[in-house]
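Asks: Just to be clear, the model below is a prediction. Sequence and coordinates:
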Amino acid sequence: MRVETVWLGRGGQGIVTATYIVANASIIDGFHAIANPEFGAERRGAPVKAFLTISKEPIEDQEPVKTPDVVVVFDDKLIDSMRFAIDAVKPGGYVIINTGKSPEEAKKLVGRDDVYLVVLDAIDIARRHVKLDVPNGPLAGAFSKVMGFPTLESIKQAFETQLGKAVEQNFAATKEAYEKAVVIPPARVDASAKPKGIISTTSAFLTGPYEIVGWREVNKAGAVFPGTSLFYTTGGWRIDKPVIDHSKCIMCRKCWLYCPDDAIIEAWREAEGPRGRKFRMKAIDFDYQYCKGCGVCAEVCPTGAIQMVREL
Amino acid sequence: MTAQIVAPKERKVAQKRIALTGNHAVALAVKMARAEVIAAYPITPQTPVVEKLAEYVNNGELDAEFIPVESEHSAMSAVIGASAMGARTFTETSSQGLGHMYENLPIAVGMRLPIVMGMAVRTYSAPINVWGDYSDVMSMRELGWIIYIAQNAQEAFDTVIQAYRVAEDSRVHLPAVVAYDGFWTSHVLQPLDVPEDEEEVMRYAPITRSWVKLDVDNPAQLGAVGTPEWYWEIRWQAVEALRASLKVIQEADEEYGKVFGRSYGLLTPYRLEDAELAIVAYGSIFGLVKKVVDRLRREGVRAGALRLRVIRPWPGDMFKKLLEHVDKVAVIDRAINHGGPLYGPMAVEIAATIQKPVYNVLATIGMRAIDSDMIYDAVVKIHRGLWVPNTPYTVGLRGYE
């Protein structure tokens, strides 16, 4: 038996820790496991992928996983940008996904009917138990449920060695996820079919839309010339998005002052006066392409006009 | 030296003969090459270079920024920064100073900065030994620097000037180090010829400023992160540049010969044409080696000698050509390759290049005195077959046969 898995998420969501915990728990259960994370810029919010292989036999081939049996997605907004990983799952494999959406919607989003789909609102569980947006504990629980290993007891032990703190809270989240995860079996499984693609061994996709060129064309001395961060849209990093109630907004622009990402914008808005007269007025709006959902604007708003609404 | 100097009447550039120690010759070369930023920390046996350059700057003879740094780590950092701004830079070091600087040495290569560094070689501690052997310069062979080893004060002077021209050539853009014997060259007073008109040096090696540098009108970031997708390619450019610099070094040397009347080549052969036994050496002891060759020739042994002048890039093809017909190659190494396949670093590289066994002789470690008789005795043993190849032998070590 050999199970190859890929874990996709964003920096800060505990992807690497999740693979360490599941590997650790599997080793406690008597398996051989190897968790080999792939480190990029280690920037909060940036896409991260980690590999985890579990086997009954000792593992010496520390290869990146190209066609996984299981892919675990920590953020449903990564499905489109990391579709190659979903496509690479072997027919009959598993896609475990953290989303606040309904299982039907999630199924549409994943768009494959020859794999098991496991849907879980891990953020909600993590927020209630751990008071943090780290869905790794619950996703480990979902993994345990569908794969049948590692056992919950081993996961608890792994929490103790890997985290060393908040073990009870994390384990409660894992246990709840184990019970709550929804498993949708595939409509058809063609065991002889091959995956649609493979996960490339280069991690270049993590660093932006560069043209990968040979050594003759690379900038001499590795000089980096001025560019733009316009295409690094960081809006996908959000879990919550700010929403404004214009009737409460007094246009004090405190949110604009405090926004770390210049994501507060002023826009014209159609409004209606008390006697039905229509006019245009300035109003606060958000640039959702770059808003990371940090919630500072909602925190500083003196009238409570800005509310953070769950998006993931 | 004598064999390499063209008769005065053929010189294009008027020169005067003066007497200087190796260190002061290097300082004078730096002054004539109009270095713009000098950052160095004094360490024996290199100290007089730094003192002399400070004096030049203080007297107004050299219009340069002199940065009296608190350590070699800062010295290299300062010249990297200055070179990245487009300045012609110089620093000098020895031994532990190089060790302290080591962290920054590969940075100069990766950023492709044409820094020129002098090195009055000295062995590594412990025990503390301020005297000369080649342990220090041999420890930077893998980093991508161009490495010259000069034989005497004249050559150290000439090579510093050549190094500026090579390093700043747009086909190269790599840092270069000019090493010469600690004390045996650095503190030995010798005659040398220097151009009367210092502008001749600048005409030979003008500051190109063609390297990648910081410029407010064309902003760039240097030395930024190179992720696994990019690092190898960027580094490979430096690998290829070092390989290509072989030609540039040769060109610069030939051109120097035309202008100033002295050229040395990448390797300096001596009576090697019909030799059956060759002695390979580097640094100041080549003079002794030549004396030994002459003595052996008088005794009917077809001996020859070869001096390593440029060890990075490695002139492998030239080696093969020069040593092709030689039966026995003895390499006198002046640094220990601890626990290596052979105990001398150059013996390893020469054995790999000519693909023949070499006779590995260690000498002058920690500046243990050596004379031509000791070299003669060793070579005679090799000639008579008393010593076997691929085994380390020593000259001057007590209690080791």
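Replies: Cool, got the structure.

Asks: out of everything not next to it in sequence, what's closest to B:Arg295?
Replies: In this structure, B:Arg295 finds its nearest non-sequential neighbour in B:Tyr376, 6.1 Å apart by C-beta to C-beta, 6 or more residues apart in numbering or on different chains. To be clear about C-beta, it is placed using only N, CA and C from the backbone, and glycine gets the same treatment.

Asks: The one you found touches B:Lys290, doesn't it?
Replies: No: under the criterion of C-beta atoms under 8 Å, B:Tyr376 makes no contact with B:Lys290, lying 11.9 Å away.

Asks: measure B:Asn23 to B:Phe66 for me?
Replies: Look at B:Asn23 and B:Phe66: by C-beta to C-beta, to the nearest Å, they are 16 Å apart.

Asks: between those two, who's got more neighbours?
Replies: The neighbour count for B:Asn23 versus B:Phe66, taken as other C-beta atoms under 10 Å in any protein chain shown, is higher for B:Asn23 (28 against 17).

Asks: Now for the spatially closest residue to that one that is not a sequence neighbour: which residues touch it?
Replies: Residue nearest to B:Asn23 in three dimensions, not counting chain neighbours: B:Pro48, with 4.0 Å by C-beta to C-beta, 6+ apart. B:Pro48 sits next to B:21, B:23-24, B:27, B:186-187 when contact means C-beta atoms under 8 Å, 6 or more residues apart in numbering or on different chains.

Asks: Nearest the geometric middle of chain A, what residue?
Replies: For chain A, A:Asp75 is the residue whose C-alpha lies nearest the centre (C-alpha atoms, centre = their mean; 2.6 Å).

Asks: Could you check how far that one is from A:Gly14?
Replies: A:Asp75 is 12 Å from A:Gly14, where distance means C-beta to C-beta.

Asks: Please apply the same query to A:Lys56.
Replies: To A:Gly14, A:Lys56 is 27 Å away according to C-beta to C-beta.

Asks: Could you pick out the residues of chain B near chain A for me?
Replies: Residues of chain B found near chain A (C-beta under 8 Å from any C-beta of the partner chain) are B:110-112, B:173, B:211-212, B:219-234, B:236-237, B:240.

Asks: again, only using 7 Å
Replies: Within chain B, the positions near chain A by C-beta under 7 Å from any C-beta of the partner chain are B:110-112, B:212, B:219-222, B:224, B:226-230, B:233-234, B:236-237.

Asks: how about the helices of the stretch 301-401 of chain B, start to end?
Replies: B:316-323, B:345-354, B:372-384 (DSSP state H, counting those that start in this stretch).

Asks: Please spell out which residues along the shortest one are buried.
Replies: Neighbour counts over helix B:316-323 (16 or more other C-beta atoms under 10 Å in any protein chain shown) mark B:318-319, B:322-323 as buried.

Asks: my guess is B:Ile80 meets B:Ala108, correct?
Replies: Yes: B:Ile80 lies in contact with B:Ala108 (C-beta atoms under 7 Å); the separation is 5.5 Å.

Asks: which residues do these two both contact?
Replies: B:Ile115 (C-beta atoms under 7 Å, 6 or more residues apart in numbering or on different chains).

Asks: Tell me which of these two has more neighbours.
Replies: A count of neighbours by other C-beta under 10 Å puts B:Ala108 above the other of B:Ile80 and B:Ala108, at 27 against 23.

Asks: For the more buried one, list the residues it contacts.
Replies: Here B:Ala108 is in contact with B:80, B:115, B:175 (criterion: C-beta under 7 Å, 6+ apart).

Asks: That one sits in which helix or strand?
Replies: Using DSSP states H and E, B:Ala108 sits within helix B:105-110.

Asks: strands paired with the helix or strand just after that helix, and their directions?
Replies: Sequence order places strand B:116-121 as the next helix or strand after helix B:105-110, per DSSP H and E. Strand B:116-121 pairs in its sheet with strand B:89-93 (parallel), strand B:176-181 (parallel), by DSSP bridges.

Asks: Convert the shortest one to PDB, retaining C-alpha atoms only.
Replies: So that's strand B:89-93. C-alpha atoms of strand B:89-93 as PDB (Å, rounded to 0.1, in the frame of the first residue of the first chain):
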ATOM      1  CA  THR B  89      37.900  49.200  -6.100                       C
ATOM      2  CA  PHE B  90      40.700  47.500  -4.300                       C
ATOM      3  CA  THR B  91      41.200  45.500  -1.100                       C
ATOM      4  CA  GLU B  92      44.000  43.300   0.200                       C
ATOM      5  CA  THR B  93      44.100  40.500   2.700                       C
END
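
Asks: Residues contacting that strand, please?
Replies: For strand B:89-93, the external contacting residues (C-beta under 7 Å, 6+ apart) are B:30, B:35-40, B:43, B:46, B:49-50, B:72, B:75-76, B:79, B:82-83, B:101, B:115-119.

Asks: which parts of the longest helix belonging to chain B are buried?
Replies: Taking DSSP state H as the criterion, chain B has its longest helix at helix B:231-260. Buried residues in helix B:231-260, defined by neighbour count with 16+ other C-beta under 10 Å: B:233-235, B:237-238, B:241-242, B:245-246, B:248-250, B:252-253, B:256-257, B:259-260.

Asks: same question, stretch B:167-178
Replies: Neighbour counts over stretch B:167-178 (16+ other C-beta under 10 Å) mark B:167-169, B:172-178 as buried.

Asks: what do you get for stretch B:286-297?
Replies: Result for stretch B:286-297 [16+ other C-beta under 10 Å]: buried residues B:286-293, B:295-296.

Asks: more crowded one of A:Lys56 and A:Gly14?
Replies: A:Gly14 (26 against 10).

Asks: Buried residues, the worst-scoring helix or strand of chain A on mean pLDDT. List them.
Replies: Lowest by mean pLDDT, DSSP states H and E among the helices and strands of chain A is helix A:78-81, with a mean of 86. Going by neighbour count (16+ other C-beta under 10 Å), the buried part of helix A:78-81 is A:78-79.

Asks: For the helix or strand that it is followed by, give the mean pLDDT please.
Replies: Downstream of helix A:78-81, the first helix or strand assigned by DSSP H and E is helix A:83-87. In this model, helix A:83-87 has a mean pLDDT of 90.

Asks: And B:Pro392, how close does it get to chain A?
Replies: 38 Å (C-beta to the nearest C-beta, to the nearest Å).

Asks: OK, contacts around that residue?
Replies: B:342-343, B:360, B:362.

Asks: repeat for A:Leu8
Replies: Applying C-beta under 7 Å, 6+ apart, we find A:Leu8 in contact with A:49, A:71-74, A:78, A:82, A:85.

Asks: Show me which of those is closest to A:Leu109.
Replies: Distance to A:Leu109 across these (C-beta to C-beta) is lowest for A:Val73, with 9.7 Å.

Asks: Do I have it right that A:Pro135 meets A:Asn98?
Replies: Yes: using C-beta under 7 Å, A:Pro135 makes contact with A:Asn98 at a distance of 4.7 Å.

Asks: So for the two, which sits in the more crowded spot?
Replies: Using other C-beta under 10 Å, the more surrounded residue of A:Pro135 and A:Asn98 is A:Pro135, with 32 against 28.

Asks: since we're on the closest residue to chain A within the stretch 301-401 of chain B, how many residues are nearby?
Replies: In the stretch 301-401 of chain B, the residue that lies nearest chain A is B:Pro313 (17.5 Å; C-beta to the nearest C-beta). Using other C-beta under 10 Å, the number of residues around B:Pro313 comes to 21.

Asks: so what's it scoring on pLDDT?
Replies: Turning to B:Pro313, the model gives it a pLDDT of 96.
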